[in-house]
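Trainee: just need the structure, nothing else, for what follows:
(chains A, B, C and D)
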There are 2 protein chains.
Amino acid sequence: MINAEMVAALEQNKTVPSLGQTVAAQRAEHVLAVLKQSAKPLGAYELIDRLAATGNRIAPTQMYRVLGQLKDAGLILRVESQNAFIAAQHVHQPDEPLALLVCACCGRVDEAKADFLTPALTPTANALGFKPQRSSLEVIGECCACRDSPD
Amino acid sequence: MINAEMVAALEQNKTVPSLGQTVAAQRAEHVLAVLKQSAKPLGAYELIDRLAATGNRIAPTQMYRVLGQLKDAGLILRVESQNAFIAAQHVHQPDEPLALLVCACCGRVDEAKADFLTPALTPTANALGFKPQRSSLEVIGECCACRDSPD
DNA sequence: TTCATAACGTTACACTATAACATTACAAAA
DNA sequence: TTTTGTAATGTTATAGTGTAACGTTATGAA
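Mentor: Residues are numbered from 1 along each chain as shown, chains lettered A, B, ... in the order given. Down below sits the predicted model:
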């Protein structure tokens, strides 16, 4: 459905060429566009509402399919602690170790590489006979802007 | 509601003495007991059902209050990726960096200290002006038992 | 053309979580 | 003792999250 060509196009804020005309591709594009415009993570139903406002109402099932595709393509990230989604600042591999810095104050989320994770977890994993596949690291705190703001 | 004395008692699988006779304390005890008996994380409504089976049905709101109290006391942990809860193997501080090793196969969850997190995150946090407060690290993989099982 | 299959659509429902408000328990002030 | 404030507890209702199950359509291969 979403392929390398589309990922490349979406990443550059361009319309996906040939395949971009399929219903599914256009929807994925719309959803991604809405997420990119949002400073904060959006839930599935909030996304549905915002999409509906542009005349593109879809059912929850559809939205979750689109979100799954975008996630698999590395174009969006799921914020587990909020059951919500953000547009990725960079395209990622599914198993790439990332840290999400979540502002408890304004909700903004930043992504950062977390390459230290794999080596740091190895001893523990080995000791327990656990084979890590992917990880989710979310750091809750206060972002730059909220620290500076007078409250 | 839940105080140091109760935490100490609950930690040792004992009934909370004096205060343990309050309705709330007994409920917290029941919920914790159910979680301790489960190999896998349990959702709030699954907990409600299991508690009801022992003649102690409570409403969702109540359950979330109990879960909140137990969590604040460090007696249970929330598995963000599953919206579910486990009994803590050890009592924890709310801001203590932990890794949860979640088996994608059987659902079992192990907890491990993740002291490496704080120093590892400092450079990134500083660069972004982000002030970390607490973190949630969940590692999805295959546990010891599932690797050994024939499948 | 016919058939298989994958994509897409729809309905319905189960689970997660909390807002809002009612009631009760309890202890300090009058 | 009564009053009263407050914290705990109880209840109802509802918003939000997620998916199972199944129907329909599109597409390409036999």
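Trainee: CA only for contacts and neighbour counts going forward, please
Mentor: Will do.
Trainee: longest helix of chain A?
Mentor: For chain A, the longest helix by residue count, based on DSSP state H, is helix A:23-37.
Trainee: now the helix or strand following that one: mean pLDDT?
Mentor: Next helix or strand after helix A:23-37 toward the C-terminus (DSSP states H and E): helix A:44-52. For helix A:44-52, the mean per-residue pLDDT is 92.
Trainee: and helix A:44-52, what's buried?
Mentor: Residues of helix A:44-52 classed as buried: A:44, A:47-48, A:50-51 (neighbour count, 16 or more other CA atoms under 10 Å in any protein chain shown).
Trainee: same thing with stretch A:117-127?
Mentor: Going by 16+ other CA under 10 Å, stretch A:117-127 has these buried residues: A:117-118, A:121, A:124-125.
Trainee: could you say what helices and strands the longest helix of chain A packs with?
Mentor: helix A:44-52, helix A:60-72, strand A:84-87 (3 or more CA pairs under 8 Å, 6 or more residues apart in numbering or on different chains; DSSP states H and E).
Trainee: so how far is the next helix or strand after the second one off the chain centroid?
Mentor: If you walk from helix A:60-72 toward the C-terminus, the next helix or strand you reach (DSSP H and E) is strand A:76-79. If you compare the mean C-alpha spot of strand A:76-79 with that of the full chain, they lie 3 Å apart, counting by CA atoms, centre = their mean, to the nearest Å.
Trainee: show the pLDDT at the residue lying closest to residue A:133 once chain neighbours are set aside.
Mentor: Sequence neighbours aside, residue B:141 is the residue nearest to residue A:133 in space, at 4.6 Å (criterion: CA to CA, 6 or more residues apart in numbering or on different chains). According to the prediction, residue B:141 has pLDDT 93.
Trainee: verify the contact between residue B:141 and residue B:102 for me.
Mentor: Yes. With contact defined as CA atoms under 8 Å, residue B:141 counts as touching residue B:102 (6.2 Å).
Trainee: and residue A:109, what are its phi and psi?
Mentor: phi -130, psi 130 (degrees, to the nearest 10).
Trainee: what does chain A have sitting close to chain B?
Mentor: A:80-81, A:101, A:112, A:116, A:120, A:124, A:128-144 (CA under 8 Å from any CA of the partner chain).
Trainee: ok so, going back, would you turn the helices and strands packed on helix A:23-37 into JSON lines with distance to residue B:107?
Mentor: Compiled in JSON lines, those are given as follows (distance: least, CA to CA, whole Å):
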{"stretch": "helix A:44-52", "distance to residue B:107": "25"}
{"stretch": "helix A:60-72", "distance to residue B:107": "21"}
{"stretch": "strand A:84-87", "distance to residue B:107": "22"}
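Trainee: mind putting the ones you listed in TSV, distance to DNA strand C included?
Mentor: Below are the helices and strands packed on helix A:23-37 laid out as TSV (distance: least, CA to the nearest atom of the strand, whole Å):
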stretch	distance to DNA strand C
helix A:44-52	12
helix A:60-72	5
strand A:84-87	12
